[in-house]
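A.B. asks: got a structure for you, letters missing:
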């Protein structure tokens, strides 16, 4: 077996879950045969599932952030800069200010961004938890809420963490009970789909718990526009709901650099091979995590599995081995439901309607444990 002794340059655009896992795992696999650089415009890494707990006062900034430089193995080069353009044909990444990077392998892990413009009135009227500042704002709103009509749910497709709207609905129910205003509150959960959550068996578990807690599912409600003055949200189907407090997931799109570089579709999602994550038409460029156009949930767990697949395959290729591993769409999701319980679901490309696990204390504790061991997992490059 012939091994190429010249170190290969691997550039990772984006230092979130996928980018960080990939960089650390690749250096663990072939420490002397790669030069890995991660580029991100923020020097702070956010544990985004923690925003859910910020929104109900159970976590704060210090619990869910770490400086990026502390999360990489010693040989990883971290560059705190904004990427302006990615040129796949010339193998170049241009930074804001004009600097360029060349590469042997490129991994795009740019995540997703919020797309308020898609729904008129959204930014002015809606509360959500998809950034730290918005999660803190939502916490204040829930603390001030004295009762009335609470509408919560899916604001627009596509969005990351498919179960998050359900989680905040259950946690808001619990939060308002603790505050003593739940009996003065009507909660409706809106979804554009035929069920509150697409997988039939898991949705059955969710609906049963909604009924028990007095949360009314409103399906086939595709949010079209919001009137902040009248406090009304209208759907494409012609229905409308009044609200006193509105909590919806914002629509998401791909990163601006993906759109500006012409490597994504109209919404900025990157077409990739579903098994090996190669960007269509290229053998030396990959995308992982939320950035891809794959029919998988946009979650940190999926980003981790994808990053591991790409890191291992780059390592095999660098070592001159013919072995390859395949990403099978694997996803595992713990669903926080308040009252000290959580549910869970496993799925992949072939098994999408797995039963939702009966809510239990054990799964809730597993969710809390993940909030802590995440930092160890991401540094080691393991799942």
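C.D. replies: That came in fine, so what should we check first? Everything quoted here is computed from the prediction, not taken from an experiment.

A.B. asks: all helices for the chain, in order.
C.D. replies: For the chain, helices defined by DSSP state H occupy the ranges 17-29, 51-54, 61-64, 122-125, 132-144, 164-179, 200-213, 256-261, 300-318, 361-380.

A.B. asks: state the distance from the nearest residue to residue 250 once chain neighbours are set aside to residue 6.
C.D. replies: Closest residue to residue 250 apart from its sequence neighbours, by CB to CB, 6 or more residues apart in numbering: residue 114 at 4.5 Å. In short, each C-beta sits where N, CA and C put it, glycine included. Counting by CB to CB, to the nearest Å, the gap between residue 114 and residue 6 amounts to 42 Å.

A.B. asks: skipping adjacent residues, who's closest to residue 39 in space?
C.D. replies: Here the nearest residue to residue 39 in space, its sequence neighbours aside, is residue 79; by CB to CB, 6+ apart that works out to 4.7 Å.

A.B. asks: returning to what we had before: quick one, what contacts the residue nearest to residue 250?
C.D. replies: The neighbours of residue 114, taking CB atoms under 8 Å, 6 or more residues apart in numbering as the test, are 130, 131, 250, 251, 252.

A.B. asks: so of the residues you listed, which ones are in strands?
C.D. replies: Under the assignment DSSP state E, the contacts of residue 114 contribute residue 252 to strands.

A.B. asks: farthest pair within the contacts of residue 114?
C.D. replies: Among those, the pair separated by the greatest distance (CB to CB) is 131 and 251, at 14.4 Å.

A.B. asks: between the contacts of residue 114, which is closest to residue 291?
C.D. replies: Proximity of the contacts of residue 114 to residue 291 (CB to CB) peaks at residue 252, which lies at 11.0 Å.

A.B. asks: who does the closest one bridge with?
C.D. replies: Counting by DSSP bridges, residue 252 is bridged to residue 114.

A.B. asks: contacting residues for it?
C.D. replies: Taking CB under 8 Å, 6+ apart as the definition, contacts of residue 252 comprise 112, 113, 114, 115, 158, 159, 160, 290, 298.

A.B. asks: test my guess that residue 71 contacts residue 379.
C.D. replies: Yes - using CB atoms under 8 Å, residue 71 makes contact with residue 379 at a distance of 5.6 Å.

A.B. asks: more neighbours: these two, which one.
C.D. replies: For residue 71 against residue 379, the residue with the higher neighbour count under other CB atoms under 10 Å is residue 71, and the figures read 19 against 16.

A.B. asks: look at that one and report its pLDDT.
C.D. replies: pLDDT, the model's per-residue confidence, is 93 for residue 71.

A.B. asks: now it: how far from residue 301?
C.D. replies: When residue 71 is compared with residue 301 (using CB to CB), they lie 18 Å apart.

A.B. asks: so what's the residue count around residue 97?
C.D. replies: Residue 97 is flanked by 8 other residues according to other CB under 10 Å.
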